[in-house]
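Chemist: Any chance you could fold what I've pasted below:
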Amino acid sequence: MVTGGEHTSKRFDLELDAVIDGVVQMGGLVRQQFRLAMESLNSGDIALLRQALDLGYQVNSLEVDIDRKCNLILARRQPEAVDLRTILTVLKITTDLERMGDQAELIARRAEMLFQQGGLNLPRSVDISHCADLALSMADNAIEAFARSDTSVATQVIRQDNKVNEECNFITRNLICHMLEDPRSISTALDFLFVAKSIERIGDHAKNISEYVIFMVKGYDVRHSSIEEIERKVL
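Modeler: You can find the predicted model right below:
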């Protein structure tokens, strides 16, 4: 005989699994949006740019749906301990994913402006694609860490953030030098500076997600902690 409490527990597990699956799906859409935006920037393919912009609507819709489901769970189930931390983590992660999507959209918009201006022949020292690949890897690993409740992967993502920041700073310095050497390139070079900043922000959001994962699993709030402090607590 199955008691009412067991029925309630199973329903709660299903509801929790649904929001977790929603976050993973949202993460996949944001990843695709970012990849398409960068591919459109590199190739000049307007169709890819449009696809990246269209995905933004799906990302926003998923965020609203996941938030609604989380609020219902909080109201109906009143979860505690790790279950409560999971719901709170989901609410925070969806916000960061939505903002990552916003940054991908900004990259697509900048790509569109560059097409209209005729593009820019960047110096070889400015490798935006490599920096974007690093940020994309961070986003992938952050979602994987959440899906698997893996604090080890989450910690790796936090460490990766320094590398993305270094790459973006290097790009910024080289673009400034390029503008000084060729003032005619200032307008379009500034567009690429904004792209680099968006990539850096995507890495920041992936780092935030990883910090939330550590809170969800371990109960530690590691925001504003050094990577060495995080590793001592988590690993």
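Chemist: how about the helices of this structure, start to end?
Modeler: 4-43, 46-77, 81-117, 128-148, 151-181, 186-218, 227-234 (DSSP state H).
Chemist: between the longest one and helix 186-218, how many degrees?
Modeler: Relative orientation of helix 4-43 versus helix 186-218 (axes from the mean of the first three to the mean of the last three Cα atoms, to 10 degrees): 160 degrees.
Chemist: one step back: deepest-packed of the helices of the chain, please.
Modeler: Ranked by mean neighbour count under mean count of other Cβ atoms under 10 Å, the helices of the chain are led by helix 186-218, which reaches a mean of 22. C-beta coordinates here come from the backbone N, C-alpha and C atoms, glycine included.
Chemist: what angle sits between that helix and helix 128-148?
Modeler: 20 degrees.
Chemist: Could you find the closest non-adjacent residue to Gln51?
Modeler: In this structure, Gln51 finds its nearest non-sequential neighbour in Leu36, 5.1 Å apart by Cβ to Cβ, 6 or more residues apart in numbering.
Chemist: Ok, Val222 next?
Modeler: Ile230 (4.8 Å).
Chemist: OK, contacts around that neighbour?
Modeler: When contacts are counted by Cβ atoms under 8 Å, 6 or more residues apart in numbering, Ile230 touches 155, 158, 214, 222.
Chemist: Include pLDDT and distance to Asn174 when you put the residues you listed into CSV, please.
Modeler: Output for the contacts of Ile230, formatted as CSV (pLDDT from 0 to 100; distance: Cβ to Cβ, whole Å):
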residue, pLDDT, distance to Asn174
Thr155, 97, 31
Ile158, 97, 26
Ile214, 97, 34
Val222, 95, 33
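Chemist: Nearest to Cys131 among those residues?
Modeler: When the contacts of Ile230 are compared for distance to Cys131 (Cβ to Cβ), Ile158 wins out at 17.5 Å.
Chemist: Look up how far Ile66 lies from the closest one.
Modeler: Distance check for Ile158 against Ile66: by Cβ to Cβ, to the nearest Å, it reads 24 Å.
Chemist: ok, now Ala189?
Modeler: In terms of Cβ to Cβ, Ala189 sits 38 Å off from Ile66.
Chemist: cool, Asp221 as well?
Modeler: With Cβ to Cβ as the criterion, Asp221 and Ile66 are 22 Å apart.
Chemist: What of Gln33?
Modeler: Remark: distance between Gln33 and Ile66 (Cβ to Cβ) = 17 Å.
Chemist: and what of Thr95?
Modeler: Applying Cβ to Cβ, one obtains 10 Å for the distance of Thr95 from Ile66.
Chemist: for the protein, what are the low-confidence residue spans?
Modeler: Applying pLDDT under 70 to the chain flags the ranges 1-8, 119-125.
Chemist: sorry, back to before: right, and the residue nearest to Gln51 touches Arg50 too?
Modeler: No: using Cβ atoms under 8 Å as the test, Leu36 is too far from Arg50 to be in contact (9.0 Å).
Chemist: Out of the contacts of Ile230, the closest to Gln117 would be?
Modeler: Ile158 (37.0 Å).
Chemist: Can you give me every residue that contacts the closest one?
Modeler: Counting by Cβ under 8 Å, 6+ apart, Ile158 touches 207, 210-211, 222, 227, 230.
Chemist: rerun that using 7 Å as the cut-off
Modeler: Each residue near Ile158 by Cβ atoms under 7 Å, 6 or more residues apart in numbering is listed here: 207, 210-211, 227, 230.
Chemist: same check, this time on Gln160
Modeler: Residues near Gln160 by Cβ under 7 Å, 6+ apart: 134, 138.
Chemist: Having no further points to raise, I will conclude here.
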